[in-house]
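> Got a predicted model here, sequence first, then my questions.
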Amino acid sequence: QVQVVENGGGLVRPGGSLRLSCTASSRRYSQFAMAWFRQAPGKEREFVAKVSWSGASTDYGDSVMGRFTISKDDATNTVELQMDSLKPEDTAVYYCAADPWGSSQYKYASSYDYWGQGTQVTVSS
């Protein structure tokens, strides 16, 4: 069983930055595509960012493009999400997800086998 654990959420002012990290306990981690999703109260879970198993390919949701950066480190089984220029509408619970199979449908939550428990990010003055 793969355990996925997120860290780094918190309260930040608009325009500020925050870095989320996530570790996945698997010897096959280097073969995993990894992603971040988020869910605000009353809304559906939303795709935020993904990185391919090799780290060479990334993609972002339209609402975070140009502000967020995802990166993968196989040496530490970690994926990070650097969030800059944060806005109040970025407030949500952020979830890390792992896909051992590299699905082409990576914007859909159903493509991911393993999920973390989520970490709260609140952007407010």
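Okay, I see it. Numbering: from 1, shown residues only.
> Is Ser21 bridged to anything, and to what?
Counting by DSSP bridges, Ser21 is bridged to Asn7, Glu80.
> Tell me the confidence at it?
We have a pLDDT of 98 for Ser21.
> which residues touch it?
Shown in contact with Ser21 (CB atoms under 8 Å, 6 or more residues apart in numbering): 6-8, 78-81. All C-beta atoms are positioned from the backbone trio N, CA, C, and that covers glycine.
> What about those, which one has the most neighbours?
Val79 (30 neighbours; other CB atoms under 10 Å).
> who touches that residue in this structure?
21-22, 24, 34, 36, 51, 70-73, 96.
> Give the helix, strand or coil label for the residue nearest to the spatial centre of the chain.
Compute the mean C-alpha point of the chain, and by CA atoms, centre = their mean the closest residue is Trp36, 2.1 Å away. Classification of Trp36 using DSSP: H, G, I helix; E, B strand; the rest coil returns strand.
> Touching, it and Val48? I think so.
Yes. The criterion here is CB atoms under 8 Å, and Trp36 meets it with Val48 at 4.3 Å.
> all helices for this structure, in order.
Ranges of helices within the chain: none, based on DSSP state H.
> Noted, bye for now.
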